[in-house]
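J.: Return atomic coordinates for the entry below.
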Amino acid sequence: MNSIGDFAESLILGQVEDIKEGKSLPPKLEEAKAASNAAPAKDISQIEVPDDMMRQILGEGFHPQDTPPAERFPELVWEEPEPEIKPEPSVITEETAQELVSLLEEVRNMVSELKEMTSAGAIGVNLAGPVSDPMGKSSRRRRKPNKSDVLKESIRRILK
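T.: Here you go, the predicted structure:
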């Protein structure tokens with residue numbers, strides 16, 4: 001007694017042998033041959049179905065529409081968005097310009113320090129993730145502001 005797998009294998013091997021011997025065409029070519037022998041499809045785009053026939057087929061689900069199909073499905077029209085009106089820039093006084101210059105110098109110094117720290121290997125990757133104090137000691141002293149705190153404070157001063 002053969003299993004279904006053995007039967008399917010023998011069918012496939014038989015088809016492969018027939019293709020090799022030229023007795024039959026490969027599956028792709030058979031599909032193409034069948035498609036070329038088939039009758040051309042009929043154009044049904046202009047056929048009108050009367051409302052009575054639609055009511056008979058669809059029953060209560062049919063609701064006739066008095067408008068022609070072209071009016072039922074209007075064309076989509078793309079509207080161009082209005083260009084955004086940008087507010088006029090405010091005038092910068094000499095005082096605010098001096099503040100900006102000093103803040104930019106601070107930022108430049110912080111960036112150069114950060115470059116030195118990364119190139120020297122002082123800043124590394126913490127693979128352990130955030131952890132509370134491992135020794136169980138909590139420090140009550142005020143922490144030193146880091147670079148991002150200084151930048152945030154500088155931006156706050158500018159915006160005031």
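
J.: host element of residue 42?
T.: Using DSSP states H and E, residue 42 falls within no helix or strand.

J.: do residue 103 as well
T.: Residue 103 belongs to helix 94-120, assigned by DSSP H and E.

J.: I'd like the distance from stretch 50-67 to the chain centre, please.
T.: Relative to the chain's own centre, stretch 50-67 is displaced by 42 Å; criterion: CA atoms, centre = their mean, to the nearest Å.

J.: what mean pLDDT does it have?
T.: Mean pLDDT, stretch 50-67: 74.

J.: Helix or strand: which one has residue 145?
T.: Under DSSP H and E, no helix or strand contains residue 145.

J.: mind checking the SS state of the nearest residue to it once chain neighbours are set aside?
T.: Leaving aside its sequence neighbours, residue 145 sits nearest to residue 153 (CB to CB, 6 or more residues apart in numbering; 7.6 Å). Every C-beta, even on glycine, is put in place using the N, C-alpha and C of the backbone. Of the three states, residue 153 takes helix according to DSSP: H, G, I helix; E, B strand; the rest coil.

J.: Near residue 153, how many other residues are there?
T.: 12 (other CB atoms under 10 Å).

J.: give me the low-pLDDT residue ranges for this structure?
T.: 1, 34-40, 63-76, 78, 118-131, 133-142 (pLDDT under 70).

J.: so what are the domain limits for this protein?
T.: 1-35, 93-115+149-160 (automatic domain parsing).

J.: now residue 48: how far from residue 56?
T.: 15 Å (CB to CB, to the nearest Å).

J.: the more surrounded of those two?
T.: More crowded of residue 48 and residue 56, by other CB under 10 Å: residue 56, with 10 against 4.

J.: mind exporting the host helix or strand of that one as PDB, just the C-alpha atoms?
T.: Here residue 56 sits within helix 51-58, counting by DSSP H and E. The C-alpha coordinates for helix 51-58 follow below in PDB (Å, rounded to 0.1, in the frame of the first residue of the first chain):
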ATOM      1  CA  ASP A  51     -34.500  48.700 -12.300                       C
ATOM      2  CA  ASP A  52     -37.200  46.000 -12.400                       C
ATOM      3  CA  MET A  53     -34.600  43.300 -13.000                       C
ATOM      4  CA  MET A  54     -32.400  44.700 -10.200                       C
ATOM      5  CA  ARG A  55     -35.300  44.800  -7.800                       C
ATOM      6  CA  GLN A  56     -36.200  41.200  -8.700                       C
ATOM      7  CA  ILE A  57     -32.600  40.000  -8.100                       C
ATOM      8  CA  LEU A  58     -31.700  42.100  -5.100                       C
END
